[in-house]
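Novice: Just a sequence and a predicted model for now, questions to come.
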Amino acid sequence: MSDERGHSTGTLLLAFAVGALAGAVVAALTSPKSGPEMRESLKGLSKDGRARRAIDRVAQAARGAFDEVAGGGA
């Protein structure tokens, strides 16, 4: 499915996922926390698996979008 500009749904979802991930990185890097506080916060994310699950969701969405685009071009 494409819109009037030729962008497929998968491409739009991929752009959204990449933008969301970039926004999360910017928010984490610009938050008003000291270095030790930020490290503890990141450790907490990695220990309970939230960051890993978020990365897995984005990767899965990217794979799906790629497969849709690659399959649609054939």
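Specialist: Done, it's in.
Novice: and after whatever helix or strand residue 12 lives in, which helix or strand comes next?
Specialist: According to DSSP states H and E, residue 12 maps onto helix 9-30. As assigned by DSSP H and E, the chain's next helix or strand after helix 9-30 is helix 35-48.
Novice: Can you check what angle separates that following helix from helix 9-30?
Specialist: Here helix 35-48 runs at an angle of 140 degrees relative to helix 9-30 (axes from the mean of the first three to the mean of the last three Cα atoms, to 10 degrees).
Novice: What helices and strands are in contact with helix 35-48?
Specialist: Using 3 or more Cβ pairs under 8 Å, 6 or more residues apart in numbering; DSSP states H and E as the contact test, the elements touching helix 35-48 are helix 9-30, helix 50-72. C-beta coordinates here come from the backbone N, C-alpha and C atoms, glycine included.
Novice: Centre of the chain to that helix, how far?
Specialist: 19 Å (Cα atoms, centre = their mean, to the nearest Å).
Novice: Could you export that helix as PDB, CA atoms only?
Specialist: Output of helix 35-48 as PDB, limited to C-alpha atoms (Å, rounded to 0.1, in the frame of the first residue of the first chain):
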ATOM      1  CA  GLY A  35      27.300  11.100  35.000                       C
ATOM      2  CA  PRO A  36      26.900   8.700  37.800                       C
ATOM      3  CA  GLU A  37      23.100   9.200  37.900                       C
ATOM      4  CA  MET A  38      22.900   8.500  34.200                       C
ATOM      5  CA  ARG A  39      25.000   5.400  34.400                       C
ATOM      6  CA  GLU A  40      22.800   4.000  37.200                       C
ATOM      7  CA  SER A  41      19.700   4.800  35.200                       C
ATOM      8  CA  LEU A  42      21.100   3.000  32.100                       C
ATOM      9  CA  LYS A  43      22.200   0.100  34.300                       C
ATOM     10  CA  GLY A  44      18.600  -0.200  35.600                       C
ATOM     11  CA  LEU A  45      17.200  -0.200  32.100                       C
ATOM     12  CA  SER A  46      19.600  -2.900  30.900                       C
ATOM     13  CA  LYS A  47      19.200  -5.100  34.000                       C
ATOM     14  CA  ASP A  48      15.400  -5.300  33.900                       C
END
